[in-house]
Every structure is written in C-alpha cells, then in structure tokens.
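Asks: Generate a structure from the sequence data that follows.
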Amino acid sequence: QHHPHYKFTKIMFAATRAFIKPSYFCKRVVNTKTHGNKNLTRMAGSSSYLAPDTYHSMSTADDELIFLHTMLRASNLEKTMSFFEALGLQETRRKDSEKGKYTLVFMATSKGAPEIEITYNWGDEEEVFAPPSRSMGHLAFATADIYKLCHELQEKGITILRPPRDGRMAFVKSPDGISVELLQKGEALKPEEPWASMENTGSW
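Replies: Numbers count the residues shown, from 1 in each chain. You can find the predicted model right below:
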C-alpha cells in the first residue's frame, strides 16, 4: 500500500507535466544498454526530445503534433555538412537511393533533437538545384557563448554576416545561401570587441 504522499505526488505531476518545457529536464535517459551486470545509460542534451529513431517508435496514443525536421537542398553535400558541423550539428542518419538518384543526410544538435534533412540530388548542379527563396526565412540555434561560436566559425572560413554587436544575435549563411540565426542563451553578453564595432557584411 502506497503512502498518501505518493498519491499526492502522482496527482501533482500529472497536473503540471503539460506546463513543463522539455528543456527543464536537461538530462533525460534516451537509451539504456546492458553490458554484463552494468547498465550503460546515455543522457541527452536539453535539445533532445525525440527517440533515436525519430517518429518510428512514437506511440499513436499520443495525439500531440511533433516537429521533426526541416529539409534543405544542397548543391555540394560535403560543403553543406561541413558548415553545419562547424555550428555543432552531427550526422544522425543517412539514406542513399540508387533508384531515385539522391542522398538524404539528417543532422541535429544531438541524438533525438529536431533535425535538418539535407537532400543532395545526383547529377548536374543546374538540373537538380535551385537557389533558396527569401520565403525560406532562416534556421535558428541557441548557443552558450555567441562570441566563442562566432570566433570558431570565423577560424573555419565562415563569414559572420551580422556580427553579435549586442551580445545577443548573429547571422551566417550556408554554402547554398540558407540563412542561419545564432542566439545567445539566457541574458545577452556584455558588448565586446571585435564584435561591438564590426560592420554587417552582405545580406542574411
């Protein structure tokens, strides 16, 4: 027989779970493997809320709409992947289709996080790729230190189009012109050089 406090705790958790953001649980178990007598548990980052296989293991009993990914076309798969790897994304899975003559590469900030789906069509670039439309808008990622990330991107040859002069926001573009917004987690950082006086470059 459970202690009355146990029942109260269950009721309170059920009543409040809908109001707790996934990022509140910054270390959640997403995969547990048994090795001998030890359980090896991998913890997910605060951006992870999907199962490692995304939608395949989702229960239909949960009728909530879940965001999965954004698809981007790439004229050069390696360059595009290198750009997003510089931002901190990792390849989560891929598919090569001989019949359809394309490659799909999924990347995310961590296993189980919403993904970008990079579509690379085999063949002549002019036949399979069109530049992005302004209707696309941008992707956005939050970082723990926007100055540090922008410095690392610069060292990898990526132009900071909109420098983080305010310690809050910056913009870069992928090799195919997809605009990416970078935002500082929490409060804005104090303005500092070289960013505070850096001019904008081009458009984003």
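
Asks: okay, now residue 190: neighbour count?
Replies: Residues within reach of residue 190, counting by other C-beta atoms under 10 Å, total 8. The C-beta positions use only the backbone N, C-alpha and C, and glycine is treated the same way.

Asks: can you check residue 184 too?
Replies: Here the count is done by other C-beta under 10 Å, and residue 184 has 20 residues near it.

Asks: From residue 66, how far off is it?
Replies: Plainly put, residue 184 is 27 Å away from residue 66 if you go by C-beta to C-beta, to the nearest Å.

Asks: Check residue 93 too.
Replies: The value you get for residue 93 to residue 66, if C-beta to C-beta is used, is 17 Å.

Asks: Which secondary structure state does residue 103 sit in?
Replies: Following DSSP: H, G, I helix; E, B strand; the rest coil, residue 103 is assigned to strand.

Asks: Just to check, it is in contact with residue 81?
Replies: No - counting by C-beta atoms under 8 Å, residue 103 sits too far from residue 81 to count as a contact (10.5 Å).

Asks: Go ahead and confirm residue 93 touches residue 107.
Replies: No - Residue 93 is beyond contact range of residue 107, at 9.3 Å (criterion: C-beta under 8 Å).

Asks: between those two, which one's more packed in?
Replies: Between residue 93 and residue 107, counting by other C-beta under 10 Å, residue 107 is the more crowded of the two (23 against 15).

Asks: Distance of that one relative to residue 160?
Replies: In this view, residue 107 and residue 160 are 21 Å apart by C-beta to C-beta.

Asks: what's the answer for residue 99, then?
Replies: In terms of C-beta to C-beta, residue 99 sits 41 Å off from residue 160.

Asks: Give me the more crowded residue out of the two.
Replies: The neighbour count for residue 99 versus residue 160, taken as other C-beta under 10 Å, is higher for residue 160 (21 against 5).

Asks: Next up, phi/psi of the more buried one, please.
Replies: Main-chain torsions, residue 160, degrees, to the nearest 10: phi -90, psi 100.

Asks: For the residue nearest to it when sequence neighbours are not counted, grab the count of nearby residues.
Replies: Once flanking residues are discounted, residue 160 sits nearest to residue 150: 5.1 Å by C-beta to C-beta, 6 or more residues apart in numbering. Applying other C-beta under 10 Å, we find 21 residues neighbouring residue 150.

Asks: How about the one 3 residues further on?
Replies: By other C-beta under 10 Å, 19 other residues sit near residue 153.

Asks: repeat for residue 162
Replies: Counted with other C-beta under 10 Å, the neighbours of residue 162 add up to 19.

Asks: any idea of the pLDDT on it?
Replies: pLDDT for residue 162: 98.

Asks: try residue 131
Replies: Model confidence at residue 131, expressed as pLDDT, equals 76.

Asks: What distance do you get for it to residue 193?
Replies: From residue 131 across to residue 193, the span is 34 Å (C-beta to C-beta).
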